[in-house]
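K.L.:
Just a sequence and a predicted model for now, questions to come.
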There are 4 protein chains.
Amino acid sequence: MTRLDHAPLPKKSPRQARAQATYDAILQAAAHILTEGGPTALTTNLVAEHAGVSIGSLYQYFPSKEAIVAELIRDLRRQMLDDIRGMAAFVEGQPLRFAVARMIRASIHHHVHTQGRAEVLEQLEHHLPFDTETEAIKTQIIDLVAALLDSHGIEQPRHAAFDMINLVVGMAHPALHVGETDYEALALRIERAALGYLGLNTSGSVA
Amino acid sequence: MTRLDHAPLPKKSPRQARAQATYDAILQAAAHILTEGGPTALTTNLVAEHAGVSIGSLYQYFPSKEAIVAELIRDLRRQMLDDIRGMAAFVEGQPLRFAVARMIRASIHHHVHTQGRAEVLEQLEHHLPFDTETEAIKTQIIDLVAALLDSHGIEQPRHAAFDMINLVVGMAHPALHVGETDYEALALRIERAALGYLGLNTSGSVA
Amino acid sequence: MTRLDHAPLPKKSPRQARAQATYDAILQAAAHILTEGGPTALTTNLVAEHAGVSIGSLYQYFPSKEAIVAELIRDLRRQMLDDIRGMAAFVEGQPLRFAVARMIRASIHHHVHTQGRAEVLEQLEHHLPFDTETEAIKTQIIDLVAALLDSHGIEQPRHAAFDMINLVVGMAHPALHVGETDYEALALRIERAALGYLGLNTSGSVA
Amino acid sequence: MTRLDHAPLPKKSPRQARAQATYDAILQAAAHILTEGGPTALTTNLVAEHAGVSIGSLYQYFPSKEAIVAELIRDLRRQMLDDIRGMAAFVEGQPLRFAVARMIRASIHHHVHTQGRAEVLEQLEHHLPFDTETEAIKTQIIDLVAALLDSHGIEQPRHAAFDMINLVVGMAHPALHVGETDYEALALRIERAALGYLGLNTSGSVA
DNA sequence: CATGAATGAGGCTTCATTCAT
DNA sequence: CATGAATGAAGCCTCATTCAT
């Protein structure tokens, strides 16, 4: 159960257009199977079939099944980072309340958009060898949020960023999972908790 | 994709003392393997071996591997319910702030106590057939918290209970996973979010 | 694949009434399971359960599963022999045509009466070690029929007896299996073949 | 106890020459094991071993053990149908006596040729889910014989075909099983019964 | 490079049988 | 003797991966 092996990287960077297409098809197929059938449904043969390539070809592009999952995770994290980057740029110079509101909506949007892919992949990530790039991205995400909080004078910004992300995800994810569709109402509820955490007194009370 | 099958129940209730010991040993072994090696490490043969019984004995008590996991989940939920019951009784008549503080500590304690078992089991629960008892317990947990919140005048208490539980678990769980050991500090941070959610203004600000 | 081992005999002759009851209950349970669920449904534990005894007790009376089946087969053959004996006595001194007619009806009756038990048991018999008693009974059955035929001047009576039995069973069994319920019509059809075999010209033609 | 499931079909038709060889080897091995050791000897691992392929390969071509047996049965029935077709064409326009004689010899030949495979497979067929193709073939066989009988003015030709087939098989099969090798003598005995059944008076009597 | 046939370790489960109580 | 807990060999099957064509 070593957790220190080298993370599985894609075997080779696709040089040609066709190769790139195959590569992408495999990832898409894997993502699709994962969201539809869960982790146990993800078999290399099924992925190859869905991707319309032979099992042999699949192994040309990925050294192992884990490598596919790892790449899926990296993709997701990259996209997350991009979203957060965009959001951070957008709220630059705006008051903290506004920034927090944006962040929460962005998070909800992200979850809805990736429709459950995030859930399964995060589960699988736990049982994958440590991946440098993924960790780097996660660090960047924390850093971005921390910088944002720091610029508003929040103490221990990295700590706070960690908590904030967990708070938002922790509340949004189960609600969405259970079928909640009123995203704005959900966002407002999460906002109360987030602002409370940050010590920004909210005007009214639920009680 | 049926989710309506019969939930896997233990096959046969142990009548002799020896049987009870075997039964317990199997569950303990399974829990141990799950926390140490994750879902993929959980094989029936390994469970039997760790439990010090034959594979045949394992199948005397559980009709399938899933049934073991299902029972583990039920155990966890029952324990959760007990903890919450105790907590609810303890905070009876106390102010909401106090109740919330207790609830958060209880939750953290529970997580620490079950050391990650909760995480894996919740993941696995998603891919198991619907289990009436487990769902019943979860409902009772929500009901208890909802009643608590309701007694303090919180609006939409069931909704709030759902959010509160996710908030607490969502924040506590990753922090503990990452190795945080200052439980009191963690509790205080979660408290700020919780009180904010409930609209109970906190005195100071982080900023 | 030796076929020469000793046939499995019941472990001990039951001396007491209770023992006899248990012994019978086991055989009945086995017969029932066999007719209902076929050979694959016959497991020792299930037999014990149906018989209302513990698996340990079952093994007090029968040394193995095969022994149960072997006893079931012996039972069936004994009953067959009895039926044929009765029939042979009944047709004593009657013309051959009459005897044949009786024999056919008796055979059909026997099959209907044991409702499929005969089929399954005959199949199983092929894969059981040679059983002296069963073979002895089968010989006696042939002998009885042969004597009957001989008394009517049929040549090579043992050979003819063998053929006659197969003819009757071979025609009756599939027809009954397919659901034929007009036993008399079936008997008449078989009779034509039997009489033809024996060289007793039938009055009319099907054509 | 459903009998309405899909019949087990071979999983994947072999595209390469190597594949076809593997496919055939599996079926041959299964047939061999079945005739030598009976149903209980037929294990997937043994089949794979005898076929000289890995167990994985076996499951590339057959989704289950039952599927192998089902295919063996279909093979046998197809071959039977072919034999009967040839025989029917051959006796076209010939007198019924001649046709019957041919049919009986063909049947004996078929049994000898498939050396007991028929016996075991017919037994196993009872415990297999309904197979459309097999049933279709059986119907065609009956139809062919019925047409033959009908062309000779036999009443209720389908009924008669059913009886005739059972008569012939019912007599031939046990005799051959018991080791009879004088096929012509056997054929003549069966002929007497068959002609008797059809109402074609035989010249002499056994008596 | 693509293909897909082949591999085989290993997972789940059954069930005849033994044996301590 | 009865009980039923325990055993474990052995069967069925999956699926990640390799390799000849």
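P.N.:
In hand now; what should we look at? Numbering: from 1, shown residues only, chains lettered A, B, ... in the order given.
K.L.:
tell me the angle of the lowest-mean-pLDDT helix or strand in chain A relative to helix B:117-126?
P.N.:
Within chain A, confidence by mean pLDDT, DSSP states H and E is lowest for helix A:117-126 among all helices and strands, at a mean of 88. With axes from the mean of the first three to the mean of the last three Cα atoms, to 10 degrees defining the directions, helix A:117-126 sits at 130 degrees from helix B:117-126.
K.L.:
Please put the alpha-carbon coordinates of helix A:117-126 into PDB.
P.N.:
C-alpha atoms of helix A:117-126 as PDB (Å, rounded to 0.1, in the frame of the first residue of the first chain):
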ATOM      1  CA  ARG A 117     -17.700  13.300 -12.300                       C
ATOM      2  CA  ALA A 118     -16.100  15.100  -9.500                       C
ATOM      3  CA  GLU A 119     -17.600  12.800  -6.900                       C
ATOM      4  CA  VAL A 120     -16.400   9.600  -8.400                       C
ATOM      5  CA  LEU A 121     -13.000  10.900  -9.300                       C
ATOM      6  CA  GLU A 122     -12.300  12.300  -5.800                       C
ATOM      7  CA  GLN A 123     -13.100   8.900  -4.400                       C
ATOM      8  CA  LEU A 124     -10.800   7.200  -6.800                       C
ATOM      9  CA  GLU A 125      -8.100   9.700  -6.100                       C
ATOM     10  CA  HIS A 126      -7.700   8.500  -2.600                       C
END
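K.L.:
packing partners for it?
P.N.:
helix A:17-37, helix A:65-90, helix A:157-177 (3 or more Cβ pairs under 8 Å, 6 or more residues apart in numbering or on different chains; DSSP states H and E). Backbone N, C-alpha and C define where each C-beta goes, glycine included.
K.L.:
deepest of the ones you listed, which one?
P.N.:
For the helices and strands packed on helix A:117-126, the largest average neighbour count (mean count of other Cβ atoms under 10 Å in any protein chain shown) is found in helix A:157-177, namely a mean of 22.
K.L.:
what's the spacing between that one and its chain's center?
P.N.:
Relative to its parent chain, helix A:157-177 has a centroid offset of 12 Å by Cα atoms, centre = their mean, to the nearest Å.
K.L.:
tilt between whatever helix or strand comes next after it and helix B:157-177?
P.N.:
Helices and strands here follow DSSP states H and E; after helix A:157-177, the next one along the chain is helix A:183-198. In terms of direction (the same axes, to 10 degrees), helix A:183-198 departs from helix B:157-177 by 50 degrees.
K.L.:
for helix A:183-198, which positions count as buried?
P.N.:
Across helix A:183-198, burial judged by 16 or more other Cβ atoms under 10 Å in any protein chain shown covers A:183, A:186-187, A:189-198.
K.L.:
sec struct for A:Ile154, please.
P.N.:
coil (DSSP: H, G, I helix; E, B strand; the rest coil).
K.L.:
Near it, how many other residues are there?
P.N.:
As a burial measure, A:Ile154 scores 22 neighbours (other Cβ atoms under 10 Å in any protein chain shown).
K.L.:
What distance do you get for the closest residue to A:Ala41 other than its chain neighbours to B:Gly170?
P.N.:
Among residues not flanking A:Ala41 along the chain, A:Ile33 sits closest, at 5.4 Å (Cβ to Cβ, 6 or more residues apart in numbering or on different chains). Distance, A:Ile33 to B:Gly170, using Cβ to Cβ, to the nearest Å: 28 Å.
K.L.:
now swap in A:Leu42 and tell me
P.N.:
A:Leu42 is 26 Å from B:Gly170, by Cβ to Cβ.
K.L.:
roughly how far apart are A:Ala89 and A:Gly153?
P.N.:
20 Å.
K.L.:
check contacts around A:Thr43.
P.N.:
By Cβ atoms under 8 Å, 6 or more residues apart in numbering or on different chains, the residues touching A:Thr43 are A:Lys65.
K.L.:
per-residue confidence at it?
P.N.:
pLDDT for A:Thr43: 97.
K.L.:
how close does it get to A:Thr139?
P.N.:
Applying Cβ to Cβ to A:Thr43 and A:Thr139 gives a distance of 33 Å.
K.L.:
In chain A, what residue lies closest to chain C?
P.N.:
Across chain A, no residue is closer to chain C than A:Thr40, which sits at 28.7 Å (Cβ to the nearest Cβ).
K.L.:
List, one by one, the residues from chain A near DNA strand E.
P.N.:
Counting by Cβ under 7 Å from any atom of the strand, the residues of chain A close to DNA strand E are A:Arg15, A:Gln16, A:Arg18, A:Ala19, A:Thr22, A:Val53, A:Ser54, A:Ile55, A:Gly56, A:Ser57, A:Tyr59, A:Gln60.
K.L.:
Go ahead and build a PyMOL selection from the buried members of those residues.
P.N.:
Selection of buried members from the residues of chain A next to DNA strand E for PyMOL, criterion 16+ other Cβ under 10 Å:
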select buried, chain A and resi 22+53+57+60
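K.L.:
which of the residues of chain A next to DNA strand E lies closest to D:Gln115?
P.N.:
Top of the list for closeness to D:Gln115, among the residues of chain A next to DNA strand E and by Cβ to Cβ, is A:Ile55 at 40.6 Å.
K.L.:
Show me how chain A divides into domains.
P.N.:
Residue ranges for each domain of chain A read A:8-63, A:71-198, as given by automatic domain parsing.
K.L.:
Of the ones you listed, which shows the lowest average pLDDT?
P.N.:
Looking at these, the bottom one is domain A:8-63 with a mean of 89.
K.L.:
Whether that domain contacts DNA strand F - can you check?
P.N.:
Yes - if you take Cβ under 7 Å from any atom of the strand as the test, domain A:8-63 does meet DNA strand F, through A:Thr40, A:Leu42, A:Thr43, A:Thr44, A:Asn45, A:Ile55, A:Gly56, A:Tyr59.
K.L.:
Between the residues you listed, which sits nearest C:Leu96?
P.N.:
For those, the nearest to C:Leu96 is A:Asn45 (69.1 Å; Cβ to Cβ).
K.L.:
contacting residues around that closest one?
P.N.:
A:Ile55.
K.L.:
tell me which element it is part of?
P.N.:
Element membership for A:Asn45, per DSSP H and E: helix A:44-51.
K.L.:
For that helix, list every residue counted as buried.
P.N.:
A:Thr44, A:Val47, A:Ala48, A:His50, A:Ala51.
K.L.:
mind saving the C-alpha coords of it as PDB?
P.N.:
C-alpha atoms of helix A:44-51 as PDB (Å, rounded to 0.1, in the frame of the first residue of the first chain):
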ATOM      1  CA  THR A  44     -10.300  -1.200 -19.900                       C
ATOM      2  CA  ASN A  45     -12.000  -3.300 -22.500                       C
ATOM      3  CA  LEU A  46     -15.200  -1.300 -22.100                       C
ATOM      4  CA  VAL A  47     -13.400   2.000 -22.400                       C
ATOM      5  CA  ALA A  48     -11.700   0.800 -25.600                       C
ATOM      6  CA  GLU A  49     -14.900  -0.300 -27.000                       C
ATOM      7  CA  HIS A  50     -16.700   2.900 -26.200                       C
ATOM      8  CA  ALA A  51     -13.800   4.900 -27.600                       C
END
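K.L.:
now the angle from it to helix A:65-90?
P.N.:
On the basis of the same axes, to 10 degrees, helix A:44-51 is oriented at 60 degrees to helix A:65-90.
K.L.:
next helix or strand past helix A:44-51?
P.N.:
Later in the chain than helix A:44-51, the nearest helix or strand by DSSP H and E is helix A:55-61.
K.L.:
What helices and strands are in contact with that following helix?
P.N.:
Counting by 3+ Cβ pairs under 8 Å, 6+ apart, the packing neighbours recorded for helix A:55-61 are helix A:17-37, helix A:44-51.
K.L.:
Swap in 6 Å and give it another go.
P.N.:
The elements that helix A:55-61 packs onto, with contact taken as 3 or more Cβ pairs under 6 Å, 6 or more residues apart in numbering or on different chains; DSSP states H and E, are helix A:44-51.
K.L.:
quick one: A:Ala160 and A:Asn166, what's the gap?
P.N.:
Counting by Cβ to Cβ, the gap from A:Ala160 to A:Asn166 is 11 Å.
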